[in-house]
Structure formats: C-alpha cells, structure tokens
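Asks: Build me a structure from this.
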Amino acid sequence: MFELIILAASATINLLLGLTVYQKNPRSATSRLFLFLTLSFALWSTVNYISLHPFLFAQIVWVRLVLACAALLCLAVFLTFTVFPSNSMVGSAKIRSGLILYTLCVMLLVMTPAAFAVNHAGNPTPQPGIAFFTLLVIFSLGGGIVNLAKKLRHATGRTKTQLRLVVAGLIVTFGLIFISNFLLVVLFNVHNLISFGPAYTLIFCGTIAYAIIRHRLFDIRAVIARSVGYLLVIGAISLVYSVGLFGVIDVLFPRPYQEFLRQIISVILIAPLVLSFQSVKRFFDRITNRVFYRNYYEPQLVLDALSKVLVHSIDITYLKKQSAKVLADAIKPREITYWLDSEPHSKAPEVAFLRKLFERQRNNLFILDESDEAHDVIQRMRDLDIAVAVHLRINLQTLGYITLSFKESGEPYSDNDKRLLSIAAGEIAISLQNALQFKEIKNFNETLQQKIVEATKELRRSNEKLKELDETKDDFISMASHQLRTPLTSVKGYLSLVLDGDAGPIKATQRELLGQAFISSQRMVYLISDLLNVSRLKTGKFIIEATPVNLADMIVDEIAQLKEAAASRSVELIYNKPTRFPTLMLDETKTRQVIMNFVDNAIYYTPAGGHIRVEVEDKTSTVELRVVDDGIGVPAHEQRHLFTKFYRAGNARKARPDGTGLGLFMAKKVIVAQGGAIIFESHEGKGSTFGFTFRKDKLAPPLQPTLAED
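Replies: Alright, predicted model coming up:
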C-alpha cells in the first residue's frame, strides 16, 4: 500500500506540474520539453511499481520496460536542459539527433535478453548489453549537467539561483535512482529499494517547486489553480460516468441485464464526456480563478479599453491620465507615473536613473523582483518606490518611461501583469508619438503664423517705402521727359531742315551722317513718349484721344521714316498699301508710336539680308495689322513675359543692348485701351509676327453733308 501511495503521489505531482507549465505557454520549447520530462517521470514510476507487482506479463518483461522508460527519461532530461530556463538551445544539433537515435536503439536493445535475462533461480540478471544502457545514462545525464553548468557559469542573479537549485535536485534525484535501481540490483542483486524510485523524483520536483515559490520560476498560484481545476474536471467527469454507468443501472435494472447495459451506456457516455471536456474545464477554471485570483482581470478587455482611450484624443495630458487609469484599475499599483522626454521634468534625476537603467536592458520591461542588477540599483528603485519600469520607445527612439509602484495588496507582479504591460507599452508609445508629432506640427504652425504676421507687417512697411520711391521715380521721369522733349524736338526739326536743303546743299556723306542723327533723335522722341505714357499710366492721366484716322495712310508715313534705317542694315522693308481702307476711330499719335515700335524692332532684330513685310487687312468683322519678319524670334519659354514692363528676351538683349523693354509694354497698353487685341506669334530662329486687331465697331461714323446757306 505504501508503494502505491508513493507512486500515485509522485506521478500526480509530476503530471500536474507538467500540464500546468505547458498550458501557460504551449509554444515555448521549455514548456513542451518540461511536459515531456514529467510524463517520462510518471511513466517510469508507474512501470517501476508494476515491475515489483507484475501482472499480464512476466516480471522480466516489466523489468525491461523499466529500463526502456529510464532510457526515455534520460533523453528527456538531456533535451530539457539544452533549453531550460530560456527558449534557446545550446550544443550541437548533430549531437541531439545522434542521442535521440541512440536512445531508440537502446530502448529496443533493453527489451531483449541481451540486456536482461532470467537466471536459473528465476530472477532477472543483467547481461553484457546493459553496458549500452549505462553509456546512455552517463552521456545523457552528464550532458544535461554540462549544459546546465555552461548556463550557470554565465548566469547572474535570479537565473543563477534557479539553475543551482535544479542542478542540485538533478544530481541528488538521479544519483539515488542510479544507486537503488541499477547499481544495487546489478552488483548486489538488491531489489528492496526499487520501490522508492518514484519517491526520489519528488526530490527533483521539490527543488523545482522551491524555485517556483522562492524564485518565481513559474507562477505558483497558476500551478495550484490549474491543478485544482484539473482535479475538479476529472472528478466531475468520473462522477457523471460512474453514476450513469453504475448507479442508474443498479437501481433501475435487474442484475441479469446490468453488465450488458453498462457496455451500451459506456459507449453512449464516452462521446459526450469527451466533447464536453473543454467546456467543463473552462467552467472550473473560472471558479478557481475567483478563488486564487481575486484580482484577476482579462488582459484583452483591458487592452480594448486602453485602445479606446488612445484613439479618442491626441492630447498628451489626456492620454497619460486616462491610460494610467485603465492600467491602474487592472493592475492596482499604488501609483503610476509618466516620465516623458518631451516634458520639463525630463532632466529630473529619476529620468536620468531610468535612462541609465535601460541602457543595460534589452527588454522594454524591468521588474524589480526579477532583477539581476547590483544592490545599489535595487535599493535606489526601492527608495523611489518603483516596482516596475516600462521603456516607451519606437525602434531606437526613446519617448520616455512609465513607472509603477508596488501593489496596494503587497502581491508581486504576475505573468498576466507583465504580458499586459509589454503589449500596452508598444500601443502607448505609438499613441504618444502621434500626439507629440501633432503637437510639434501645431507649435510649428503657430510659430509660422506669428512669423508670417511679422513678415507681413515688414512687407507692408517696405511696400509703403517702395510706393514713395516709385512716386518719386515717376515724378522724376515725368519731369525729365518733359524737359528733354522740347530741346530734342528742336534738334529733330533743325536736322529735318538741313536734310531738306533749306540751309543749302549738302554732300552725300553729310546727308548720311545727318540722316543717322535724325533717326537717333526720332528714336529718342519715341522713348521719351513711352516714358511719359508710363508715368501717365501710374498717375491715371493716360487718356485715349480718338479721332478718325486712315490706318493704311498712317503706315505709309511711318515706313517712310524707317526706310533709311532698314537700308542701313541691309533689310528689305515691304508694304503694299491697299487701295481702299475704312477710316477708324483711334488715337493717332499713340497708334503711330505702336506701329513705329513694331517695325523698328523688326528692323533691329532681323539679320542683314532679311525681309520685313507690313500687312494691313480689312476682314469681315475686324481690321488687322501685321508686321512679319524672318529675324531671331523669341524663345518659347520667354514668350509669356514679353509684354511686361522692362522685360526683354535673352537673345534680344544680346542683339540690341540699348533697349528699354518699354516699347511692347506700352504697345499692348495702347491697343487694349482702344478696345483692340495684340497679335503675336514667334519661333526662335525663324522670325516673329507682331500686330493688332480692332473690331469694325471702331469705324468712324460717315461724314454728314453740310447744308448750303441761303
């Protein structure tokens, strides 16, 4: 009976511990291998007990099964401690694969007489093949211990203490098992201590349990809660099955039919019980959570509430206050504090301490109870009442920190708390980054707006000064133009008299020189007229004085004055005057100036040997004038600027450096002011067409006949 109790206790503890750890993190390699180890312990303990009380098979078969289970257990130990306590394997993958293959071969070998046989007295005795099993035990257990020793050499703090406990438990447990279940049996044929084998496994489980309770290797409440939960599930299902299978049948049916009905009902019950296992398990999990986790919360619900807060606003103060409230309601620390780098207290000693602390941390979460830091760091955190520190960062950018004090209940921070804070840290960091960027943009906009206001004021002051200077300039141009116009008109008049021979005959050379002087004085007259018109435009004194004029005759007069200039540049100037042309209501002086400007430009911007054709046409609804040349043309990218004040194309400045850029500007003003439109076409290197068009409504009214006097 005592042996059965030892077996049941050791197997149950091992299984419950393995299942609980596995359920906490099924994806973890440590969890899976730890479950494999505990199952191997339970299987070996059970077979070990049956080998002392054989049934179904002969004792030699059970002894061989004990060795096969022991081989599997050795493999489980080796694999577990290549991972434990982290999730990264150490050692060579080839060695692990080779050991697995060797273990399978040993398990097959020990099931044959080559390892254990029956002697003449009927007792199991070892054979030479047992040496292969011995090598497996030595290599696997030794390899497991070596792996733990390597990790122990580099471990610090809590991890080092955990590993020491586990190594000690491993050596003691397997040392006792090897002595009582192998050496004493093989060397001295002593079998009395075999029944204590399962009890030795409790030493190993005890060291792990101590690590759980003392050093938080796992959450002990989870172990207890899940263990109770599994027992309640098994008990409930067993109760339903036994009551349905035995109680109901024994009460309601006579004995001859009971065995038959049990078989039928057992088949009927098994499917519903299997299908309902998860539902029953969840039901008892809720009950055990209420008992063992009075402050338990569902992390997903907390994260949902946190997400609502984080997307509700981009105000940093609101985000800090509300997110701290959500976390405090779930975790229940005495205080939660934000330390953001963007705030004034970023230079506080606490922030400097946290910054230095996380320079040595790879994770975003620092738990005081699990810290491997030096004593002065631990004491500093206790002085600051910091139990947990959270690093708020995105990639390599640090936004700040969250610190949580110790819990009001005095309980340590659970795995549930750690998972929640790890996930929440990322979400809070993203939300704070968005809020900070919005605040930065808002501040930038406010600063920019202020600078715009200041710049606008400065521009207004500068504009007022420019207006004053512009008015002064216009006054000067107007005064200078008037002062220059009178003597220039006299010069032009006297030159005309000399050229006409009024002062006596002149030689050909003199005529040529005086002709150039007359052309230059005429150009100066037009330039002064342009300056005066610009000045009048600025002062609002630009007036169109329309009178009946014949455009065809006007062109003859202007071309006559430019014939000499065209001949001097070897440019052919062509004009075919139409026989009939309507009379228009135009400002004769200003329109003449426009025609003169178009033809004069064509002469100067057309190379020697070129042609200029002046065309005037009476169309159905309009009259048009065109000056067409085959000169240098205007570049396409400069054409849109051509009729603006003082603008000249680049190739025009090279061909005629002395131009002012006022001619085309004033031409457009004059034509548009009279209700017309400018005509302009040009292709660089091929020539240009300048002109204007007027609608027929500009026609002068017919002359009324004069009544004869009586």
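Asks: can you list the domains in this protein?
Replies: In the domain annotation for the chain, the residue ranges read 2-218, 220-294, 299-442, 543-698 (automatic domain parsing).
Asks: of all those, which lies closest to residue 469?
Replies: Evaluated over the domains of the chain, closeness to residue 469 peaks at domain 543-698, with 15.6 Å, by CB to CB. In this view, the C-beta of every residue, glycine as well, is placed from N, C-alpha and C.
Asks: starting at the chain centroid, how far to that closest one?
Replies: On the basis of CA atoms, centre = their mean, to the nearest Å, the separation between the geometric centre of domain 543-698 and that of its chain is 62 Å.
Asks: mind checking which helix or strand residue 400 is in?
Replies: Residue 400 is part of strand 397-404, with elements assigned from DSSP states H and E.
Asks: Can you give me every residue that contacts residue 671?
Replies: Under the criterion of CB atoms under 8 Å, 6 or more residues apart in numbering, the neighbours of residue 671 are 594, 677, 678, 692.
Asks: from the middle of its chain, how far away would the helix or strand harbouring residue 421 be?
Replies: Using DSSP H and E, residue 421 sits in helix 415-499. From the chain centre to the centre of helix 415-499 is a distance of 35 Å (CA atoms, centre = their mean).
Asks: Output the contacting helices and strands for it.
Replies: Judged by 3 or more CB pairs under 8 Å, 6 or more residues apart in numbering; DSSP states H and E, the packing partners of helix 415-499 are helix 299-312, helix 316-331, strand 365-367, strand 388-394, strand 397-404, helix 508-539.
Asks: buried set for the second one?
Replies: Translated: helix 316-331. Residues of helix 316-331 classed as buried: 316, 319, 320, 322, 323, 324, 326, 327, 330, 331 (neighbour count, 16 or more other CB atoms under 10 Å).
Asks: Are there helices or strands packed against it, and which ones?
Replies: In terms of contacts (3+ CB pairs under 8 Å, 6+ apart), helix 316-331 is packed against helix 299-312, strand 336-340, strand 397-404, helix 415-499.
Asks: Please identify the deepest-packed of those.
Replies: With neighbours taken as mean count of other CB atoms under 10 Å, these reach their highest mean count in strand 397-404, at a mean of 21.
Asks: avg pLDDT for that strand?
Replies: For strand 397-404, the mean per-residue pLDDT is 88.
Asks: same thing with stretch 325-342?
Replies: Regarding stretch 325-342, the rounded mean pLDDT is 88.
Asks: how about it as PDB, C-alpha atoms only?
Replies: In PDB, the C-alpha atoms belonging to stretch 325-342 read as follows (Å, rounded to 0.1, in the frame of the first residue of the first chain):
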ATOM      1  CA  LYS A 325      -6.300  55.000 -15.000                       C
ATOM      2  CA  VAL A 326      -7.000  51.900 -17.300                       C
ATOM      3  CA  LEU A 327      -3.800  50.200 -16.200                       C
ATOM      4  CA  ALA A 328      -4.300  51.100 -12.500                       C
ATOM      5  CA  ASP A 329      -7.800  49.700 -12.500                       C
ATOM      6  CA  ALA A 330      -6.500  46.400 -13.700                       C
ATOM      7  CA  ILE A 331      -3.100  46.000 -12.000                       C
ATOM      8  CA  LYS A 332      -3.800  48.100  -8.900                       C
ATOM      9  CA  PRO A 333      -0.400  49.600  -8.100                       C
ATOM     10  CA  ARG A 334      -0.300  52.400  -5.500                       C
ATOM     11  CA  GLU A 335       0.900  54.900  -8.200                       C
ATOM     12  CA  ILE A 336       1.600  55.100 -12.000                       C
ATOM     13  CA  THR A 337       3.900  57.900 -13.200                       C
ATOM     14  CA  TYR A 338       4.800  59.000 -16.700                       C
ATOM     15  CA  TRP A 339       8.300  60.400 -17.400                       C
ATOM     16  CA  LEU A 340       8.300  61.800 -21.000                       C
ATOM     17  CA  ASP A 341      11.400  63.200 -22.600                       C
ATOM     18  CA  SER A 342       9.300  66.000 -24.200                       C
END
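Asks: Which residues does it contact?
Replies: Applying CB under 8 Å, 6+ apart, the set of residues contacting stretch 325-342 from outside is 295, 297, 299, 302, 305-306, 309, 316, 320, 324, 345-346, 348, 350-351, 354, 385, 387-388, 392, 398-409, 413, 417, 420-421, 424, 432, 436, 439.
Asks: cutoff 6 Å now
Replies: Applying CB atoms under 6 Å, 6 or more residues apart in numbering, the external contacts of stretch 325-342 come out as 297, 302, 305-306, 309, 320, 324, 351, 400-405, 407-408, 417, 436.
Asks: where does that stretch sit relative to the chain's centre, distance-wise?
Replies: The chain centroid and the centroid of stretch 325-342 are separated by 27 Å, computed with CA atoms, centre = their mean.
Asks: just the buried residues of helix 316-331 now: which is nearest residue 168?
Replies: With CB to CB as the yardstick, the closest approach to residue 168 among the buried residues of helix 316-331 comes from residue 331, at 35.0 Å.
Asks: And the closest one, how far from residue 302?
Replies: Relative to residue 302, residue 331 is positioned 9 Å away (criterion: CB to CB, to the nearest Å).
Asks: For the buried ones among the contacts of residue 671, write the corresponding PyMOL selection.
Replies: Selecting just the buried residues from the contacts of residue 671 in PyMOL takes one command, with 16+ other CB under 10 Å as the test:
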select buried, resi 594+678+692
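Asks: Need the contacts of residue 671 in JSON lines (columns: pLDDT).
Replies: Written out in JSON lines, the entries for the contacts of residue 671 read as follows (pLDDT from 0 to 100):
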{"residue": "594", "pLDDT": "91"}
{"residue": "677", "pLDDT": "94"}
{"residue": "678", "pLDDT": "94"}
{"residue": "692", "pLDDT": "95"}
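Asks: Turn the contacts of residue 671 into TSV, columns for distance to residue 618 and secondary structure.
Replies: Written out in TSV, the entries for these read as follows (distance: CB to CB, whole Å; DSSP: H, G, I helix; E, B strand; the rest coil):
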residue	distance to residue 618	secondary structure
594	19	helix
677	17	strand
678	19	strand
692	14	strand
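Asks: Redo the contacts of residue 671 as CSV? Include distance to residue 58.
Replies: Formatted as CSV, the contacts of residue 671 follow (distance: CB to CB, whole Å):
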residue, distance to residue 58
594, 131
677, 122
678, 122
692, 127
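Asks: which residues in the stretch 501-650 of the chain form strands?
Replies: Counting by DSSP state E, counting those that start in this stretch, one finds strands in the stretch 501-650 of the chain at the ranges 547-550, 572-575, 583-586, 611-618, 622-629.
Asks: Could you take the ones you listed and lay them out as CSV, with extra columns for mean pLDDT?
Replies: Compiled in CSV, these are given as follows (pLDDT from 0 to 100):
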stretch, mean pLDDT
strand 547-550, 90
strand 572-575, 93
strand 583-586, 90
strand 611-618, 94
strand 622-629, 94
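Asks: for those strands, which one sits closest to residue 659?
Replies: strand 622-629 (15.9 Å).
Asks: Pretty sure residue 68 sits against residue 107.
Replies: Yes. Here residue 68 reaches residue 107: they are 4.4 Å apart, a contact under CB atoms under 6 Å.
Asks: before we move on, the earlier item: least reliable of the domains of the chain going by mean pLDDT?
Replies: Ranked on mean pLDDT, the bottom entry among these is domain 220-294, at a mean of 61.
Asks: Nearest spatial neighbour of residue 557, chain-adjacent residues omitted?
Replies: Distance criterion CB to CB, 6 or more residues apart in numbering; nearest residue to residue 557, sequence neighbours excluded, is residue 592 at 7.5 Å.
Asks: Run a quick neighbour tally on the one you found.
Replies: 19 (other CB atoms under 10 Å).
Asks: gap between it and residue 585?
Replies: In terms of CB to CB, residue 592 sits 15 Å off from residue 585.
Asks: What of residue 688?
Replies: Between residue 688 and residue 585 the computed distance is 28 Å (CB to CB).
Asks: Which one of those two is surrounded by more residues?
Replies: More neighbours sit around residue 688 than around the other of residue 688 and residue 585, counting by other CB under 10 Å; the figures are 24 against 17.
Asks: Please name the spatially closest residue to that one (chain neighbours excluded).
Replies: On the basis of CB to CB, 6+ apart, the spatially nearest residue to residue 688 that is not a chain neighbour turns out to be residue 682, at 3.9 Å.
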